[in-house]
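Novice: can you look at this prediction? I've put the sequence above it.
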Amino acid sequence: MEARTLRFMSEAAEGLIYLGNGDIPVKGIFTDSRNPLPGGAFLAVVGERFDGHDFIEAVGKAGCRVFIVSRIEGISFPEKSSVLWVNDTVEAYRRIAAAYRSDFKEIKIIAVCGSNGKTTTKDLIASVLSKKGKTLSSKRSFNNHIGVPQTLMEIDSSHSYAVIEAGTNHPGELAPLLEIIEPDYGVVTSIGHEHLEFFADLDGVLSEEGGIAEALPSGGAIFIPEDCYGIAQIVKRLGEGVRCVTVSRHSSRKAELYGELQEISQNGTVFKVFSKTKEVGKGQVDTRFKTCQIRSLGAHHITNALLAICVGKEMGVPEDDIYMALSECPAPEMRTEVKVVGGLTLLIDCYNANQDSVCAALETLKHLQSKESGKTVAILGTMGELGSSAQESHRQVALKAAATGVACALFCGEYAEEMREVFRANASPDQFSEAFDTPETLLAEVDKYVSKGDCVLLKASRSQKFERLVQKWSPGV
């Protein structure tokens, strides 16, 4: 961040400088008391399990002298402190980040939204754009009311581009994030079965995620899969002068690019990239394609890469640089990540889970199996925040596991018994399944069901903490 005065922040947040000097320069804002930012201001966030105001003394001992707070009673600030007093620190953070972002109109900002694949797509786009200019991107999945302002506050005048991931799990959360991002371009990765406990159904997801269309300025563009659910409704929400660029995993006359899977292996995903379909003679083969390789595993990641290619082209990144950047970009941790540990090939995809992402991961597991490998094992845990659709979503996942030929399916959590019943009713006699009430029970017994050489998928919502299985098989990982 380029330094701004506390007065700048006070005016943006409509707060009061309660103590100290309003002209003191502030070099950033931090919310984690364990990681003070030299020259920065500590923003005291009030959460469900903690209150940042309780850590002001500790942060002061670490050297911090600038604080943004929503209460002052009972707080002893360090000597020579400067304090900005606001009604709501989280809202203040949002307003300060918006004011700061407005100082960098020359930087092209791309907002990445959607139900699945946001982090992977964000990383691919950032890798591509970095070939042409300095590019800022959201760390990990910093995509909420804290992460987005934090990312925006890292912009400086040396950047040419910023790729910002914006997430939502409740209606009305996305619009305020887009308001402060002020994106020049938008990317929608998919509209799927996410957080249905709060969105109710796909149309609820569509209404929320489709808000990116209304946030784009004239001259901008939205990049979206051609087969995205509700694409027609999203396009209708675009303002005048905003273009729609589509991609597809199938031959298409309308899509800017389409991709054709070639191979999935431990090294990643290889596919052909074709430009808009043109007529070729009868019996002739269309040879106008580029071969692309990415490190993320799964045919579903082809869409993410195609979106990144289109964004790169829009920004004028040379074609060879685009494909090189895609091949160099590492796969995000715990998202279709492959590790060989203890003689097992692990497909680790346990950062989060919903029906669509689990089904995609099962398809990837099928592609990973080879004649030399052992059996395929799918360890599937609870998918959270699905509301009234939870039972049916878990049944659909079990059905998909049977259909993809998983040799051994281990189900864990609230719907495990029902999933096992669905699997057994639809699987062949040589397919096996078992159910476990809790992750702890699974952890204790899982070794009975896996053998060296097996390909093992780990897929569940974060609450299941399936990374403990990786640690069990490879201590220290």
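Specialist: Done, it's in.
Novice: all contacts plus neighbour counts: C-alpha atoms, from now on.
Specialist: Fine.
Novice: export stretch 186-202 as CSV, just CAs?
Specialist: Output of stretch 186-202 as CSV, limited to C-alpha atoms (Å, rounded to 0.1, in the frame of the first residue of the first chain):
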residue,chain,number,x,y,z
GLY,A,186,-15.8,-9.5,-14.8
VAL,A,187,-15.5,-13.3,-14.9
VAL,A,188,-18.2,-15.7,-13.9
THR,A,189,-16.8,-19.2,-13.6
SER,A,190,-20.1,-21.1,-13.0
ILE,A,191,-23.5,-20.9,-11.4
GLY,A,192,-23.9,-24.1,-9.3
HIS,A,193,-25.2,-25.7,-6.2
GLU,A,194,-23.4,-23.5,-3.6
HIS,A,195,-24.7,-22.4,-0.2
LEU,A,196,-28.2,-23.5,-1.0
GLU,A,197,-29.1,-23.3,2.7
PHE,A,198,-29.1,-19.5,2.1
PHE,A,199,-29.8,-19.2,-1.6
ALA,A,200,-32.6,-21.8,-1.7
ASP,A,201,-32.0,-22.9,-5.3
LEU,A,202,-30.0,-22.3,-8.5
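Novice: and the average pLDDT for that stretch is what?
Specialist: Stretch 186-202 shows a mean pLDDT of 92.
Novice: so V59, which state does it fall into?
Specialist: helix (DSSP: H, G, I helix; E, B strand; the rest coil).
Novice: that one touches S33, doesn't it?
Specialist: Yes: the pair V59 and S33 passes the contact test of C-alpha atoms under 8 Å, sitting 5.8 Å apart.
Novice: what do the two both touch?
Specialist: Common contacts of V59 and S33 (C-alpha atoms under 8 Å, 6 or more residues apart in numbering): F42.
Novice: what sits against the residue most central in space within the chain?
Specialist: Most central in the chain under C-alpha atoms, centre = their mean is T119, positioned 3.1 Å from the mean C-alpha point. By C-alpha under 8 Å, 6+ apart, T119 lies in contact with R140, S141, E165, P332.
Novice: considering those, which possesses the most neighbours?
Specialist: For the contacts of T119, the largest number of neighbours (other C-alpha atoms under 10 Å) sits with E165, at 30 neighbours.
Novice: list phi and psi for it.
Specialist: Backbone geometry at E165, expressed as degrees, to the nearest 10, gives phi -80, psi 130.
Novice: got the domain ranges for this protein?
Specialist: Domain assignment for the chain by automatic domain parsing gives 4-89, 104-328, 337-473.
Novice: in the stretch 351-477 of the chain, which spans are strands?
Specialist: Secondary structure of the stretch 351-477 of the chain by DSSP state E, counting those that start in this stretch: the strands cover 376-380, 408-412, 432-436, 455-459.
Novice: how about CSV for the ones you listed, with mean pLDDT, mean neighbour count and distance to P225 added?
Specialist: Below are the strands of the stretch 351-477 of the chain laid out as CSV (pLDDT from 0 to 100; neighbours: other C-alpha atoms under 10 Å; distance: least, C-alpha to C-alpha, whole Å):
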stretch, mean pLDDT, mean neighbour count, distance to P225
strand 376-380, 97, 25, 27
strand 408-412, 97, 25, 31
strand 432-436, 97, 21, 35
strand 455-459, 95, 28, 24
